[in-house]
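Enquirer: sequence first, predicted model second:
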Amino acid sequence: MGPANNYIKFEREWTEHSIPECYARRASAYANRVAVKTIARELTYRDLDSISNGVAGSILSLRGRHAEPVAILLEHDAAVPAAILGVLKAGKFYVPLDPSYPLERNRFILDANWS
């Protein structure tokens, strides 16, 4: 038995909206559907929205509203899309780091001039 095709069609007009705006539409329309599924965890659109709102709120309270990079260093799991969405909701941009990379590689990424 193969996987079901449960993907939601991405409408062309969504390209005129930010990722958080498009996600908010999906989250309100499909709150109880699975948005992220990993071996260890499953998050509905509502769960992902709630977690990412918490991430955004924490970032805003610590860093304010100005645009800046936010590094994300997480194992590959459901927390990654929640963190990315939270960073975007805070009006920042994310810099992905990989814990499997050597320390020197992640340090090089962090030391880059992001302005």
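Expert: Received it, and whenever you're ready, just let me know what you need. Computed from a prediction, not measured in an experiment: that's the story for all the values here. Numbering: from 1, shown residues only.
Enquirer: the longest helix along the chain: which residues count as buried?
Expert: The single longest helix within the chain, with elements called by DSSP state H, is helix 45-63. For helix 45-63, burial by neighbour count (16 or more other CB atoms under 10 Å) applies to Tyr45, Asp47, Leu48, Asp49, Ile51, Ser52, Asn53, Val55, Ala56, Ile59. To be clear about C-beta, it is placed using only N, CA and C from the backbone, and glycine gets the same treatment.
Enquirer: then stretch 108-115?
Expert: By neighbour count with 16+ other CB under 10 Å, stretch 108-115 contains the buried residues Ile109.
Enquirer: count of residues packed around the closest residue to Asp49 other than its chain neighbours?
Expert: Leaving aside its sequence neighbours, Asp49 sits nearest to Ala27 (CB to CB, 6 or more residues apart in numbering; 4.3 Å). Ala27 has 22 neighbours, counted by other CB atoms under 10 Å.
Enquirer: please name the residues that touch Ala27.
Expert: Counting by CB atoms under 8 Å, 6 or more residues apart in numbering, Ala27 touches Ala35, Tyr45, Arg46, Leu48, Asp49.
Enquirer: ok, the closest residue to Lys89 other than its chain neighbours - contacts?
Expert: The shortest distance from Lys89 to any residue other than its chain neighbours is 3.8 Å, reached at Ala56 (CB to CB, 6+ apart). Neighbour list for Ala56: Gly86, Val87, Lys89, Ala90 [criterion: CB under 8 Å, 6+ apart].
Enquirer: from Thr15, how far off is Ala56?
Expert: Distance of Ala56 to Thr15, given as CB to CB, to the nearest Å: 22 Å.
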